[in-house]
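Trainee: dropping the sequence and predicted coords here.
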Amino acid sequence: MKKFLRFAFVFLLIPSFLLTSCKDDDDATPDRQTDAEFQTLIAYMQSNDMDLDDILSGWITTAENVNTNLSSYYIIDIRQAEAYTTSHIPGAVNSTLGDILTEAANADGKQIAVVCYTGQTAGHAVVALRLSGYSNAQVLKWGMSGWHSTLDSWSSNTNTIASANWIASPGSVVENTTEYDDPNITETGDGAAILAARVEALLSGSLRGVNGADVLNSPGSYYINNYWDVADVETYGNISGAYRIKPLTLAGGEYMYLNPSKDVVTYCWTGQTSSMITAYLFVLGYDSYSLKFGSNGMIYDDLTSHKWSAITTDYTLE
């Protein structure tokens with residue numbers, strides 16, 4: 001009888017154990033999923049000094065520096081042909097974002113500077129160049145707006161937007177610790193082939209930008225990365241729900257904190273750095289966007305640094 005009771009007790013425990021085990025499996029955090037092509041791509045980029053911190057090293061130059069060293073630069077102006085024909089930097093050649101690699105082949109070893117209206121679209125071009133062997137290509141800071149006052153496309157785009165979705169100083173940005181799956185790369189081949197195809201995809205489009213007002217109106221629709229230092233967030237605040245992922249590298253694995261299932265919006269001070277980061281993330285397979293004109297387009301009146309101001313020196317035009 002005692003043996004029977006012991007047997008019955010164990011029998012009753014088995015369903016309970018199974019149910020508990022199933023519950024633990026259901027509640028467990030799923031393993032992070034990797035993508036073979038993505039891993040092939042980033043391994044190639046790291047081994048060839050193409051991590052984001054490499055791409056952002058010395059990526060920008062000033063109008064003063066270009067003007068002083070004009071003969072040393074191969075200047076590619078990617079504005080519309082009509083704007084280029086009306087006036088351009090002496091010696092500059094006109095091209096498009098899509099044809100930037102073809103034009104760069106004519107640089108004959110000179111330092112390449114890419115010029116657009118405001119310094120933002122040029123960021124996409126320079127990322128494409130730096131990922132394609134032109135590791136010293138640079139953006140002209142502020143674009144043609146910084147070269148001559150008659151070509152100012154910046155002043156009309158500075159803005160201060162009153163929004164409940166701007167969290168005032170000291171802000172509420174958090175460091176995200178959730179690791180997301182890899183983006184899905186559809187291109188195949190070795191690392192070099194995948195990279196070339198991804199760069200081609202980048203150049204087949206235009207500036208991947210979004211307006212500050214749209215992001216402030218609906219921040220939950222995006223995955224937002226505030227690419228500032230901690231002290232800057234504490235000084236000015238941040239967009240509601242934004243994270244702060246800086247540094248953002250392949251080697252450090254910080255890319256895993258970006259959510260590939262959402263539109264990833266990066267914002268900085270002027271939209272120039274974020275244009276570079278956005279282009280880089282797109283190449284990696286993220287649906288990435290740059291917040292145009294950065295904080296200058298959202299909290300311009302509050303800024304005490306990194307702020308657009310009308311230029312005081314006009315350089316020569318052709």
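Mentor: Now that the structure is in, tell me what you want to look at. Since the structure is predicted, the reported quantities are computational estimates derived from the model, not experimental observations. Numbering: from 1, shown residues only.
Trainee: who touches residue 266 in this structure?
Mentor: When contacts are counted by CB atoms under 8 Å, 6 or more residues apart in numbering, residue 266 touches 224-225, 227, 274, 277-278, 281, 288-291. The C-beta positions use only the backbone N, C-alpha and C, and glycine is treated the same way.
Trainee: correct me if wrong, but residue 275 is in a strand.
Mentor: No. Read with DSSP: H, G, I helix; E, B strand; the rest coil, residue 275 is helix and lies in no strand.
Trainee: contact partners for residue 292?
Mentor: 120, 157, 207, 209-212, 271.
Trainee: show me the helices in the stretch 51-200 of the chain, by range?
Mentor: Taking DSSP state H, counting those that start in this stretch as the criterion, the stretch 51-200 of the chain carries its helices at 52-55, 63-68, 81-86, 100-104, 121-130, 191-203.
Trainee: return the most buried member of those helices.
Mentor: Mean neighbour count (mean count of other CB atoms under 10 Å) peaks for helix 121-130 among the helices of the stretch 51-200 of the chain, with a mean of 27.
Trainee: list the contacts of stretch 52-72.
Mentor: 73, 75, 89-91, 110-111, 113, 119, 123, 126-127, 130-131, 135-142, 146-147, 247-250, 272-273, 276-277, 280, 311, 313, 315-316.
Trainee: measure it end to end?
Mentor: 26 Å (CA to CA, to the nearest Å).
Trainee: still on that earlier bit, of all the helices of the stretch 51-200 of the chain, which lies closest to residue 33?
Mentor: helix 191-203 (18.2 Å; CB to CB).
Trainee: centre of the chain to that closest one, how far?
Mentor: 16 Å (CA atoms, centre = their mean, to the nearest Å).
Trainee: next: stretch 102-112.
Mentor: Worked out by CA atoms, centre = their mean, stretch 102-112 lies 25 Å from the chain centre.
Trainee: setting aside sequence neighbours, what's the nearest residue to residue 297?
Mentor: Spatial nearest neighbour of residue 297, chain neighbours left out: residue 212 (4.4 Å); criterion: CB to CB, 6 or more residues apart in numbering.
Trainee: mind listing what that neighbour touches?
Mentor: Under the criterion of CB under 8 Å, 6+ apart, the contact list for residue 212 reads 159, 161, 267, 291-294, 297-298.
Trainee: nearest to residue 151 among those?
Mentor: For these, the nearest to residue 151 is residue 293 (16.3 Å; CB to CB).
Trainee: that closest one touches residue 269, doesn't it?
Mentor: No. Look at residue 293 against residue 269 with CB atoms under 8 Å: they stay out of range, at 9.3 Å.
Trainee: neighbour-wise, which of these two wins?
Mentor: Between residue 293 and residue 269, residue 293 has the larger neighbour count (other CB atoms under 10 Å), namely 25 against 19.
Trainee: how near is the more buried one to residue 113?
Mentor: 21 Å (CB to CB, to the nearest Å).
Trainee: what of residue 127?
Mentor: Taken as CB to CB, the span from residue 127 to residue 113 is 14 Å.
Trainee: what pLDDT does residue 22 get?
Mentor: Residue 22 is assigned a pLDDT of 40 by the prediction.
Trainee: quick revisit: in strands, which of the contacts of residue 212 appear?
Mentor: Judged by DSSP state E, the subset of the contacts of residue 212 located in strands is 267, 291.
Trainee: among the contacts of residue 212, name the buried ones.
Mentor: Among those, the ones that count as buried by 16 or more other CB atoms under 10 Å are 267, 291-294, 297-298.
Trainee: will you turn the residues you listed into TSV that also has distance to residue 103?
Mentor: Formatted as TSV, the buried ones among the contacts of residue 212 follow (distance: CB to CB, whole Å):
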residue	distance to residue 103
267	30
291	28
292	25
293	27
294	28
297	30
298	34
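Trainee: from the residues you listed, which is closest to residue 243?
Mentor: Using CB to CB, residue 267 is the member of those that lies nearest residue 243, at 11.3 Å.
Trainee: roughly how far does that closest one sit from residue 102?
Mentor: Taken as CB to CB, the span from residue 267 to residue 102 is 32 Å.
Trainee: then residue 292?
Mentor: Taking CB to CB, one finds residue 292 at 27 Å from residue 102.
Trainee: swap in residue 173?
Mentor: In terms of CB to CB, residue 173 sits 41 Å off from residue 102.
Trainee: over to residue 64?
Mentor: 29 Å.
Trainee: looks to me like residue 264 is in a strand.
Mentor: Yes. Assessed by three-state DSSP, residue 264 belongs to a strand.
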